[in-house]
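Peer 1: got a sequence here, can you build the structure:
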Amino acid sequence: MRTDYFTNSRKDASLAGQRPSIAELREVSQPLDHVGRASGEHWAGRLYIRRASIYFTWLIIPTRISPNGVTWIFIFTGVLGAAGLLIPGIIGAVVTVIMMQLQGLLDCSDGELARWRQQFSAAGIYLDRIGHTLTEAALPIFLGIRAGGGWGDFNGWTTLGCLLAVGHLINRSETDLVHVARGLSGLPKVADSAAVAAPRAGVMRSLRSVLRFAPFFRAFVAIEFSLLALAAAIVDAIAGSLIGTQVLVVVLLPVVALTAVGHLVAILNSNRLK
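Peer 2: Next comes the predicted model:
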């Protein structure tokens, strides 16, 4: 168990410019109860981003940047990365992929820094949610603009991109409104576990198990979306047109609709509102 004395000593050491060992930092900043959450840890985080983010966190510990300061950088990185889709050709899509990876690293690092310094706030959680929301809304909008020929050609493709963004925002709001509903009903915070999120009904539970092997509902998560955009850009380059990007926009329309409806049904048939 870590004592209050050790916690205060850790803060003083950080402010004095002293760095812990990577092992010490990982023990405090990447606890199993956090990285092992049912829905809170992205597969890329578990696979490789957390391995890199701990070193970035180690580098910034002696600096004056706050966890919320890292989150602000995370927000700007996401929005600017999404705007990379406005750059024609494969280069723009590659820029977006790289920026989404960097955003993922910053998303890990702000929390790691907060846990090491014991600097937690509601504002930090709020900014983190804003960052994800802005990025995941900007990506389909900029994809629609890209499909229509670029920034100077606002047309039907831009409208479709905006529809994708609205559909995804509805899907995201369904998750956040669970916490709102529980709070207004006087219920405690819902546990972030697979057991709570799993549908109670047999058919829905079976369908959820099948979808684990075809997770189309993750298409609008920033990293996955950027990889899809890159694949579409490669098709564009081969075809010498925007057919790949345009097909992606069209395919994502039923995906976002099905995801939003399915997510709503899954929530109502789970224990998240109990």
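
Peer 1: just give me the residue right at the centre of this structure.
Peer 2: H132 (5.2 Å; Cα atoms, centre = their mean).

Peer 1: contact partners for the residue nearest to A147 when sequence neighbours are not counted?
Peer 2: In space, and not counting its chain neighbours, A147 is closest to W157: 4.0 Å by Cβ to Cβ, 6 or more residues apart in numbering. In short, each C-beta sits where N, CA and C put it, glycine included. Counting by Cβ atoms under 8 Å, 6 or more residues apart in numbering, W157 makes contact with G144, I145, A147, G148, G149, Q246, V249.

Peer 1: ok, the residue nearest to the centre of the chain - contacts?
Peer 2: Contacts of H132 were listed using Cβ under 8 Å, 6+ apart, and they are G78, D107, R172, A222.

Peer 1: which element, helix or strand, includes the second one?
Peer 2: Right, D107. Assigned by DSSP states H and E, D107 belongs to helix 89-117.

Peer 1: from the chain's centroid, how far away is the helix or strand just after that helix?
Peer 2: Counting by DSSP H and E, the element after helix 89-117 in chain order, helix or strand, is helix 122-147. Distance of helix 122-147 from the chain centroid (Cα atoms, centre = their mean, to the nearest Å) equals 9 Å.

Peer 1: heading C-terminal from helix 122-147, find the next helix or strand.
Peer 2: Counting by DSSP H and E, the element after helix 122-147 in chain order, helix or strand, is helix 156-184.

Peer 1: report the buried residues of stretch 66-75.
Peer 2: Going by neighbour count (16 or more other Cβ atoms under 10 Å), the buried part of stretch 66-75 is S66, P67, N68, V70, T71, W72, I73, F74, I75.

Peer 1: per-residue confidence averaged over that stretch?
Peer 2: For stretch 66-75, the mean per-residue pLDDT is 96.

Peer 1: likewise stretch 101-120?
Peer 2: 93.

Peer 1: quick check: pLDDT value at the closest residue to M99 other than its chain neighbours.
Peer 2: Leaving aside its sequence neighbours, M99 sits nearest to G81 (Cβ to Cβ, 6+ apart; 2.6 Å). On pLDDT, G81 comes in at 97.

Peer 1: rewinding a little: quick one: the residue nearest to A147 and T175, what's the gap?
Peer 2: Noted for W157: a distance of 28 Å to T175, by Cβ to Cβ, to the nearest Å.
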